[in-house]
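Asker: What follows is a predicted structure for the sequence shown.
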Amino acid sequence: MLIQNARIWTNDGTLIDSGYVQIQDGIIEAVGSMTDLNVSDENIFDAKGQLLMPGFVNAHTHLYSYLARGMAIDGIEPYSFYDILAQIWWRLDKALDGPSNYYSGLVGAAEMLKSGITTLIDHHASPNAISGSLNQLKKAVVDDVGLRACLCYEITDRDGLEQADQGIQENLEFFDQVENSDDDRVGALIGLHASFTVSDRTFEKLLSDVGSRNVGYHIHVAEGQEDGVDANISHKKRTVFRLKDLGILNDRSILAHCIHLSEPEKDIVAEHNSIVSNQPQSNMNNAVGMTDLVGLLNRDILVGFGNDGFGSNLLDDLKVAYLVQKHTSNDPKTFDMGQAHQMFFENNYAVAKRLLGVDLGKVKAGYQGDLILVNYDPPTPLVADSMIGHLIFGMCSQIDVTHAWVKGDMVLKDREVQGINLSESYENARQEAGKLWSRIE
């Protein structure tokens, strides 16, 4: 594949006004100016001057939420974050079955792809349809839509010990399957809901069953006040100290949210080199507070962006984080453009590297051919150093991704997802959503 006549932002300090990218066996082989191009390749794609850049990484999402759009069910009057979980999400996830797992993954991945996301890290729960659920998501996201994905199942005691044990089994079976595969488009973590819904008994069984496997864990941490209160009352220690003592903090573990952390807890996260994912729009919607991004970044913690299943445009979360950190601190210098760039265009790709073992995030020889082509004609100069400003204040609300490649394969062409019939998929998803809503108790 040779992409030519593109305006290339390399995310490596360079913007090429008119350039080419040559991809061989899924890897970028050469990048340069059109004036230096001297090849005769039949497999040529003409970018027609559009902006070529690395595909985005979503560091924490819930694909099953994509069948909840517009859902209206009785009994919703939340006064706390726990009420939101119990009245909405824990009722929804119990109603999921195999088809709804698949179609939520399919349409969720398709919508993220159309917003420029080429890699996602999902946290799944379907307590009455656990077995095989991760392979249903893999088929939808990786095999059919064509994205990269790192998947896990949410272990929790809230539905009983039998389901908790099934969750452990589903995670480990999928982890072993991925470990024995040579497909670098898919990875696996061990999923856990949160400290306050996982007992010492279930943690002990999990760790025993994990054995010598080199696993990372994906868990919600201090998203609401409930997590810390339970840890203090039930375990006489704060949440992160409990997780540390259990031994699940490592450099492949994702701690989602991390809003209500003490300063010593932040130090523990840094000491164990664990990953933190920030989902500012979801946090605002749930009224749970905001993550101290600056405090985490100043400790050299790897903090990336996810969207928690809240919409599909990750640039919205980038913009909200940029604004809300200033707003809540009453300091316009807080969380500057450099830190926004670091989280979105350095840290998210570093997260993917840890979990999938591939080099993403630069249009540079040796990196994976995971690229997006964006129709963007700004009224101001576009240079390498101004790209983050164009993303936050220009592309954010109107990103127009026309084409996308994953591992050199075109997965989006002329705004159409290539691996599926999207209109047919939407119709099937609507039917499954209707059935899903009718099963909610």
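Answerer: Nice, thanks for sending it over. Residues are numbered from 1 along each chain as shown.
Asker: Output the contacting helices and strands for the lengthiest strand in the chain.
Answerer: Counting residues, the longest strand in the chain under DSSP state E turns out to be strand 15-24. In terms of contacts (3 or more CB pairs under 8 Å, 6 or more residues apart in numbering; DSSP states H and E), strand 15-24 is packed against strand 2-9, strand 27-33. No exception for glycine: its C-beta is placed from N, CA and C like everyone else's.
Asker: domain ranges for the chain?
Answerer: Domain segmentation of the chain under automatic domain parsing yields 2-54+361-416, 56-356.
Asker: Out of these, which is the most enclosed?
Answerer: Mean neighbour counts were compared across the domains of the chain using mean count of other CB atoms under 10 Å; the top stretch is domain 56-356, at a mean of 20.
Asker: Off-centre distance for that one?
Answerer: 8 Å (CA atoms, centre = their mean, to the nearest Å).
Asker: Use 853 as the first number for this chain going forward.
Answerer: Sure, I'll start counting at 853 from here, so that last one is domain 908-1208.
Asker: quick one on the thing from earlier: residues in contact with the longest strand of the chain?
Answerer: By CB atoms under 8 Å, 6 or more residues apart in numbering, the residues outside strand 867-876 that reach it are 853-862, 880-887, 889, 891, 893, 901, 904, 1215, 1221, 1223, 1234-1236, 1239, 1257, 1260.
Asker: Turn the domains of the chain into TSV, columns for distance to Glu1279 and mean pLDDT.
Answerer: Shown next, in TSV, are the domains of the chain (distance: least, CB to CB, whole Å; pLDDT from 0 to 100):
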stretch	distance to Glu1279	mean pLDDT
domain 854-906+1213-1268	16	93
domain 908-1208	10	96
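Asker: right, so of those, which gets closest to Leu1274?
Answerer: Evaluated over the domains of the chain, closeness to Leu1274 peaks at domain 908-1208, with 5.9 Å, by CB to CB.
Asker: Just the terminal-to-terminal distance for that closest one.
Answerer: 15 Å (CA to CA, to the nearest Å).
Asker: try stretch 1106-1126
Answerer: 6 Å.
Asker: what do you get for stretch 1031-1045?
Answerer: 23 Å.
Asker: So what are the sheet partners of the longest strand of the chain and their directions?
Answerer: strand 854-861 (antiparallel), strand 879-885 (antiparallel) (DSSP bridges).
Asker: Parallel or antiparallel, list what pairs with the next helix-or-strand element following the shortest one.
Answerer: This means strand 879-885. With elements assigned by DSSP states H and E, the helix or strand that comes after strand 879-885 is strand 896-898. Strand 896-898 has these partner strands in its sheet, going by DSSP bridges: strand 854-861 (parallel).
Asker: Contacts only, for Gln1021.
Answerer: Contacts for Gln1021 (CB under 8 Å, 6+ apart) come out as Ser983, Asp1061.
Asker: Out of the helices and strands packed on strand 867-876, flag the one nearest Val1073.
Answerer: strand 854-861 (33.6 Å).
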